[in-house]
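Chemist: Give the three-dimensional model of this entry:
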Amino acid sequence: MIFLKGLIIGISIAAPVGPIGVLCIQRTITYGKLNGLATGLGAASADAVYGFVAAFGLTFISNFLVAQQTWFRIIGGGFLIYLGIRAYFSTPKNTTLNANNPKHAGAYGSTFLLTLSNPMTILSFAAIFSGFGLVDSSMHYGSATLMVIGVFLGSASWWLLLSSGTNLFRNRLNERLSWINKLSGIVIALFGIVALASLLVA
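Modeler: Numbers count the residues shown, from 1 in each chain. As a prediction, the model looks like this:
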């Protein structure tokens with residue numbers, strides 16, 4: 001039951017449309033399904049890290065990260081703008097000729113760091129855990145571990161579904177691929193600009 005709840009939480013955290021989702025779609029279109037999946041798995045791994053912090057009640061870590069959220073937003077917002085510019089100028093590849101695309105590791109690492117740059121995700125996990133009745137100091141390490149594994153697999157399953165679904169339409173887009181890259185780049189960069197602008201509002 002704990003594992004199942006973790007799966008549901010992982011999907012609920014990953015599914016809302018955001019910059020990572022746009023990146024996953026854009027990279028699947030540009031570099032193929034594996035690169036899109038690697039992008040999503042980077043986010044899933046970061047979700048697992050934050051889920052670990054929340055599940056094991058490591059409040060000293062979460063308090064520190066939330067306290068430093070201004071710097072994280074600056075870094076994350078700037079990184080999104082950079083990724084948006086790269087996506088705008090990227091050129092779709094023939095993935096059948098690039099089966100061992102060296103960009104997979106970079107795709108994973110970029111979204112892992114990008115997702116970690118949003119420490120407010122910890123608060124999202126805390127709220128969801130509370131809603132599921134999982135905030136319990138007596139929770140055993142084994143149960144907490146199952147929860148974290150469930151979160152990762154739930155998030156990963158969403159990214160697998162998104163990258164696979166996007167890949168089905170990739171060959172039908174043909175000449176529109178470059179246009180989609182430009183649109184995706186603009187959207188991703190806008191997410192970064194909004195992140196930086198939120199600091200001024202705060």
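Chemist: since we're on the nearest residue to residue 195 once chain neighbours are set aside, how many residues are nearby?
Modeler: Residue nearest to residue 195 in three dimensions, not counting chain neighbours: residue 77, with 3.5 Å by C-beta to C-beta, 6 or more residues apart in numbering. Where you see a C-beta, it was placed from the backbone N, CA and C, and this is true even at glycine. Residues near residue 77, counting by other C-beta atoms under 10 Å, number 22.
Chemist: who's in contact with the residue nearest to the spatial centre of the chain?
Modeler: Central residue check for the chain by C-alpha atoms, centre = their mean: the C-alpha nearest the mean position is that of residue 43, 3.1 Å away. Residue 43 is in contact with 14, 20, 24, 111, 112, 114, 115, 155, 159, counting by C-beta atoms under 8 Å, 6 or more residues apart in numbering.
Chemist: Swap in 6 Å and give it another go.
Modeler: The contact partners of residue 43, taken as C-beta atoms under 6 Å, 6 or more residues apart in numbering, are 20, 111, 115.
Chemist: In helices, which of these fall?
Modeler: Using DSSP state H, 20, 111, 115 are the members of the contacts of residue 43 that sit in helices.
Chemist: Where do the helices of this structure begin and end?
Modeler: Using DSSP H, the helices of the chain run over residues 2-14, 19-31, 33-55, 59-67, 69-89, 103-116, 120-131, 141-173, 177-201.
Chemist: Go ahead and confirm residue 56 touches residue 144.
Modeler: Yes - contact criterion C-beta atoms under 6 Å: residue 56 and residue 144 qualify, at 5.4 Å.
Chemist: roughly how far apart are the closest residue to residue 8 other than its chain neighbours and residue 32?
Modeler: What sits nearest to residue 8 in space, not counting adjacent residues and going by C-beta to C-beta, 6+ apart, is residue 154, at 6.4 Å. Distance of residue 154 to residue 32, computed by C-beta to C-beta, to the nearest Å: 24 Å.
Chemist: low-scoring stretches of the chain, by residue?
Modeler: 57-63, 65-66, 92-102, 119-120, 122-123, 126-127, 129-140, 171, 173-177, 202 (pLDDT under 70).
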